[in-house]
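> The sequence and its predicted three-dimensional model are supplied below.
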Amino acid sequence: MTCMAAKPENIKAKARELIDQLPEDATWDDVAYEIAVRRSIERGLADLDAGRTYTSEALLESLDLAQ
């Protein structure tokens, strides 16, 4: 799976697209929330691409919670 994180030169265009999708009565909090969610997803995808993720089973095992 390849990461779909925006390249630095595309950040402004992606931010405009995101804002354009918000309703006309959107607040600054709505904008901040959408940007934070988008960034979180991009970071997760980057972690996945880089192999920095664990299965649920591996995590439970590392915490000695495996059944």
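In hand now; what should we look at? Computed from a predicted structure; not experimentally measured.

> Return the set of buried residues in stretch 23-42.
Neighbour-count burial for stretch 23-42, with 16 or more other C-beta atoms under 10 Å as criterion, is recorded at Glu34, Arg38. Bear in mind the C-beta positions are built from the backbone N, C-alpha and C, glycine included.

> what distance separates it from the centre of its chain?
The chain centre lies 12 Å from the centre of stretch 23-42; the measure is C-alpha atoms, centre = their mean, to the nearest Å.

> swap in stretch 15-26?
The answer for stretch 15-26 is 18 Å, by C-alpha atoms, centre = their mean.

> gap between the two ends of it?
14 Å (C-alpha to C-alpha, to the nearest Å).

> Identify the residues contacting it?
Asp30, Val31, Glu34, Ile35, Arg38 (C-beta atoms under 8 Å, 6 or more residues apart in numbering).

> I'd like the average pLDDT over that stretch.
Per-residue pLDDT values over stretch 15-26 give a mean of 96.
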